[in-house]
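Enquirer: Predicted structure and sequence below. I'll ask about it afterward.
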Amino acid sequence: MNKEQFFKSLGMTIYESKVLTSFTKLKKANAKELSQNSEVPTNKIYKILRDFESLGLIQTIPNESKTYKLLNLKTFISQKIKEKENSLKEIKKHSKTLEVADQNEFIFSLIRGQKNIMDKLAEHNPKVKKEILGVQRNWKVWGAGLRQMQKTVRKGVDVKIIGVINQETQTRALEWKKTGAKVKAYNKAYGEYPLRFTIFDNKEARITMGKPEVPNPKDYITVWTKSRPLIAILRKQFQDMWKNSMPIERALK
């Protein structure tokens with residue numbers, strides 16, 4: 001980030017940022033010099049100088065007519081940063097009061113794109129109170145997901161995951177096991193590739209369609225549901241699969 005970009009991030013206009021950047025280079029200057037150095041039109045310079053003076057950011061130099069120098073730049077920057085921090089605190093405060101309608105009102109909703117799906121899982125896992133039952137394929141590893149799962153396990157949630165274990169996936173699968181989750185190797189008696197799904201506290205579930213049926217991760221689709229009949233079917237399927245799958249340690253031998 002250069003100086004102009006930095007000053008813009010503090011809330012200044014493009015022209016103000018250019019002029020202030022020129023001040024830091026020239027140390028002192030008149031309107032004409034500032035215009036030449038900053039490439040800001042002279043008619044804009046005068047208004048900016050008046051505004052800077054009212055902010056206490058510049059002052060005229062005695063005995064040098066219409067020549068200015070910076071004043072209290074560090075204090076000005078500190079004040080602007082403090083304003084940004086206070087604004088961010090307010091945003092965070094109000095964000096906690098927001099309600100997400102689709103989570104509370106709809107039995108089914110769709111999420112498209114692998115990244116959006118992973119973000120949803122990382123956001124939802126900490127809300128689970130008792131149990132997560134999941135079926136994986138490729139054991140996608142991402143920092144936020146692993147950290148949140150570890151926190152979820154530590155607070156006492158029983159997490160069980162079934163997934164394909166082979167030379168390609170075993171390292172990633174072990175990363176999930178390190179979170180404290182109970183992990184088993186998928187039994188191909190149920191088919192070449194398992195249906196990817198997760199059940200949360202027996203109240204919500206997700207079913208994801210991805211590779212190999214959907215080659216592009218941006219096109220992955222997850223159905224998020226609160227349908228009790230569907231959740232009951234998925235739970236029965238998981239329990240049967242868990243019973244007939246082997247612990248990851250045996251699968252790696």
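Expert: Looks like it arrived, so ask away.

Enquirer: Only C-alpha atoms from now on, for both contacts and neighbour counts.
Expert: Fine.

Enquirer: For residue 196, report the pLDDT, please.
Expert: Per-residue confidence (pLDDT) for residue 196: 92.

Enquirer: Next one: it from residue 140, what distance?
Expert: According to C-alpha to C-alpha, to the nearest Å, residue 196 and residue 140 sit 12 Å apart.

Enquirer: With neighbour numbers in mind, choose between these two.
Expert: A direct count of neighbours by other C-alpha atoms under 10 Å for residue 196 and residue 140 places residue 196 higher, at 18 against 15.

Enquirer: wouldn't that one be in contact with residue 209 here?
Expert: Yes. Using C-alpha atoms under 8 Å, residue 196 makes contact with residue 209 at a distance of 7.2 Å.

Enquirer: from the chain's centre, how far out does the helix or strand harbouring residue 17 sit?
Expert: Residue 17 is part of helix 14-26 when elements are defined by DSSP states H and E. Helix 14-26 sits 34 Å away from the centroid of its parent chain (C-alpha atoms, centre = their mean, to the nearest Å).

Enquirer: which of the residues in it are buried?
Expert: 15-23 (16 or more other C-alpha atoms under 10 Å).

Enquirer: and the next element down the chain from it?
Expert: Next element after helix 14-26 (DSSP H and E): strand 28-30.

Enquirer: which outside residues touch that next one?
Expert: 23, 66-70 (C-alpha atoms under 8 Å, 6 or more residues apart in numbering).

Enquirer: repeat that for 7 Å
Expert: With contact meaning C-alpha atoms under 7 Å, 6 or more residues apart in numbering, strand 28-30 is reached by 66-69.

Enquirer: Okay, strands next: where are they in the chain?
Expert: With strands called from DSSP state E, the chain shows them at 28-30, 58-60, 67-70, 108-112, 131-135, 158-163, 182-185, 196-200, 204-209, 221-225, 246-247.

Enquirer: can you list those in TSV and add distance to residue 39?
Expert: Formatted as TSV, the entries for these read as follows, by distance: least, C-alpha to C-alpha, whole Å:
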stretch	distance to residue 39
strand 28-30	14
strand 58-60	19
strand 67-70	17
strand 108-112	46
strand 131-135	60
strand 158-163	61
strand 182-185	63
strand 196-200	58
strand 204-209	54
strand 221-225	50
strand 246-247	69
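
Enquirer: So for residue 150, which of the ones you listed sits nearest?
Expert: strand 158-163 (9.9 Å; C-alpha to C-alpha).

Enquirer: can you list the weak-confidence ranges in the stretch 151-253 of the chain?
Expert: Regions of the stretch 151-253 of the chain meeting the criterion pLDDT under 70 cover residues 253.

Enquirer: Would you mind giving me the confidence score for the residue of the chain positioned farthest from its centre?
Expert: With distances taken from the mean C-alpha point of the chain and given as C-alpha atoms, centre = their mean, the most distant residue is residue 63, at 54.9 Å. pLDDT, residue 63: 74.
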